[in-house]
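**Student:** Fold the following for me, if possible:
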Amino acid sequence: MPGISYSPSLVNFGYIDNNGGSSTQSITITNNSSQTVELTGVGSIIFPYESSDSETGIYCTNAPSGSDTVQLAPGQSCTADVTLTFGDGQSVQDCYPADNTTCEYYYAPSFFVAPASNPNDSTGFYVPVEFVVGPPSGGPGIPTTPGPPSQQGGGSSTTPPPPSGPIQPATGCHQLPAGTVVAALATPDGGGYWIVDSAGQVSNCGDASPVFGQLSSPPPSPIVAAAESPGGLGYWMVSADGAVYAFGDAQYWGGANTLPTPLAAPIVGIGADQATGGYWLVGADGGVFSFHAQFEGSTWSDGITGLSGPHPLAAPIVGIDGSPDGQGYLLVGADGGVFTFGDAQFHGSVPGVLPPGTHLAKPVVGIVADPATGGYWMVASDGGVFSFHEQFYGSAA
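**Tutor:** Numbering: from 1, shown residues only. Sure, this is the predicted structure:
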């Protein structure tokens, strides 16, 4: 029946753990027609159906007691509170992407609407929703002795943030808005790459698979970095608030945005642990957070007091990369300073090779370790490349 609208047009339940977790959202249904109508809540549709899933409160809150039907005069609205619950480790199958964690439009509160003068002349409709479902802990994390907010070596997350819009397949090698690119990730065979921008959009070029996904709308905090999964069949994105978004075979193990204490500085980088499939996040103050990855230390461990205090960093940290065996990682600052932890080897830094009293023309923005030599390359914002224990192949400066 025309003249009926509902808001929001897409209901986002967010993250629901699959061990008794639930989420409740409200839907407002409005009669925009010129006649009084009867609205009946009839339950929900779940594809595929899981017997352990339950739904309650599909009916308008102002319906008469014990009734699933309410009359709406022209211009009148009612609110239906919809609760989705998962129990006993259940998961939703056949979701996109095929990792049993993210579903879109699989659960739909359903209603019938009919003219009050002719209740048998009814029309059905449902409200599309999306949600994320997964284990309650999100991953083990590696707890360590707590330090300042951004110093904690490990972390675990109970509520991974849902993407701010439906996850969609990337659409091929295409132009991204100028000045927004934050990362480029090579395919395992070197025949292509993914380019990621601050809105979570992906341009996949060469033989880079188009199926891993991207965000359809910008997240609450901008994407600042990305890392490829050890198998090369997925990737993670991380935003400045520490939220992590996983695609393909990259597993979600937690994010710094859900730790009990606020970050002292924004997250600036993510590095993959090649041994465990976990990852490390690094803040601009040198704090490192490990998720399903071994914590090997941070700049705070070396007595440096972040971006201020008695022994501050000379420049903010801007990137992190893991050693090939997953037993260490290295951090790089905007001035090209390098900090190594675990079995990552120190082979030099920009401040160590510049003549006294000189500085970089533009700041360093990233670092990449070479699994073959243990060396590394740095790149500056003007395209300049600095190689340490590595072959220099040129730069874009």
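
**Student:** mind listing the strands for the stretch 151-300 of the chain?
**Tutor:** 167-168, 181-186, 192-197, 202-206, 214-215, 223-228, 234-239, 244-248, 267-272, 279-283, 288-291 (DSSP state E, counting those that start in this stretch).

**Student:** Put together JSON lines for those, with distance to residue 119 and mean pLDDT on each row.
**Tutor:** C-beta: built from backbone N, CA, C; applies to glycine. Shown next, in JSON lines, are these (distance: least, C-beta to C-beta, whole Å; pLDDT from 0 to 100):
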{"stretch": "strand 167-168", "distance to residue 119": "40", "mean pLDDT": "44"}
{"stretch": "strand 181-186", "distance to residue 119": "56", "mean pLDDT": "86"}
{"stretch": "strand 192-197", "distance to residue 119": "52", "mean pLDDT": "85"}
{"stretch": "strand 202-206", "distance to residue 119": "50", "mean pLDDT": "83"}
{"stretch": "strand 214-215", "distance to residue 119": "44", "mean pLDDT": "85"}
{"stretch": "strand 223-228", "distance to residue 119": "51", "mean pLDDT": "94"}
{"stretch": "strand 234-239", "distance to residue 119": "50", "mean pLDDT": "92"}
{"stretch": "strand 244-248", "distance to residue 119": "46", "mean pLDDT": "90"}
{"stretch": "strand 267-272", "distance to residue 119": "56", "mean pLDDT": "95"}
{"stretch": "strand 279-283", "distance to residue 119": "57", "mean pLDDT": "94"}
{"stretch": "strand 288-291", "distance to residue 119": "55", "mean pLDDT": "92"}
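
**Student:** Just put those in CSV and tack on mean neighbour count and distance to residue 359.
**Tutor:** As requested, these are exported to CSV (neighbours: other C-beta atoms under 10 Å; distance: least, C-beta to C-beta, whole Å):
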stretch, mean neighbour count, distance to residue 359
strand 167-168, 20, 42
strand 181-186, 18, 24
strand 192-197, 22, 29
strand 202-206, 20, 33
strand 214-215, 24, 36
strand 223-228, 24, 24
strand 234-239, 26, 29
strand 244-248, 25, 34
strand 267-272, 26, 20
strand 279-283, 29, 23
strand 288-291, 29, 26
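
**Student:** between those strands, which gets nearest to residue 297?
**Tutor:** strand 288-291 (7.2 Å; C-beta to C-beta).

**Student:** check contacts around the closest residue to residue 203 other than its chain neighbours.
**Tutor:** In space, and not counting its chain neighbours, residue 203 is closest to residue 195: 4.4 Å by C-beta to C-beta, 6 or more residues apart in numbering. Residues counted as contacts of residue 195 (C-beta atoms under 8 Å, 6 or more residues apart in numbering) are 176, 181, 183, 184, 202, 203, 204, 205.

**Student:** which non-adjacent residue is nearest the third one?
**Tutor:** In space, and not counting its chain neighbours, residue 183 is closest to residue 226: 3.8 Å by C-beta to C-beta, 6+ apart.

**Student:** Identify the bridge partners of that neighbour.
**Tutor:** Following DSSP bridges, residue 226 is listed with bridge partners residue 237.

**Student:** I'd like the next helix or strand past the lowest-mean-pLDDT helix or strand in the chain.
**Tutor:** Of all helical and strand segments in the chain, the minimum by mean pLDDT, DSSP states H and E falls on strand 54-56, at a mean of 39. The helix or strand immediately downstream of strand 54-56 is strand 69-72, counting by DSSP states H and E.

**Student:** Going by contacts, tell me the helices and strands next to that following strand.
**Tutor:** strand 22-31, strand 37-46 (3 or more C-beta pairs under 8 Å, 6 or more residues apart in numbering; DSSP states H and E).

**Student:** lowest-confidence stretch among those?
**Tutor:** Confidence, taken as mean pLDDT, is least for strand 37-46 of those (a mean of 64).

**Student:** ok, residue 25 touching residue 82?
**Tutor:** Yes. Counting by C-beta atoms under 8 Å, residue 82 is a contact partner of residue 25 at 5.7 Å.

**Student:** ok, the two, which is more surrounded?
**Tutor:** residue 82 (23 against 18; other C-beta atoms under 10 Å).

**Student:** Name the SS class of the more buried one, please.
**Tutor:** Three-state call for residue 82 (DSSP: H, G, I helix; E, B strand; the rest coil): strand.

**Student:** how close does it sit to residue 8?
**Tutor:** For residue 82, the distance to residue 8 (C-beta to C-beta, to the nearest Å) stands at 12 Å.

**Student:** again with residue 77
**Tutor:** Counting by C-beta to C-beta, the gap from residue 77 to residue 8 is 13 Å.

**Student:** do the same with residue 271
**Tutor:** Distance of residue 271 to residue 8, computed by C-beta to C-beta: 37 Å.

**Student:** Just the C-alphas of the helix or strand containing residue 378, formatted as PDB.
**Tutor:** Using DSSP H and E, residue 378 falls within strand 376-380. Output of strand 376-380 as PDB, limited to C-alpha atoms (Å, rounded to 0.1, in the frame of the first residue of the first chain):
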ATOM      1  CA  TYR A 376      64.000  -1.800   4.900                       C
ATOM      2  CA  TRP A 377      62.900   1.100   2.800                       C
ATOM      3  CA  MET A 378      61.300   4.400   3.900                       C
ATOM      4  CA  VAL A 379      59.300   6.800   1.800                       C
ATOM      5  CA  ALA A 380      58.700  10.500   2.400                       C
END
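
**Student:** Just the mean pLDDT for that strand, thanks.
**Tutor:** Averaging pLDDT residue by residue across strand 376-380 gives 88.

**Student:** Which neighbouring elements make contact with that strand?
**Tutor:** By 3+ C-beta pairs under 8 Å, 6+ apart, strand 376-380 packs against strand 364-369, strand 385-388.
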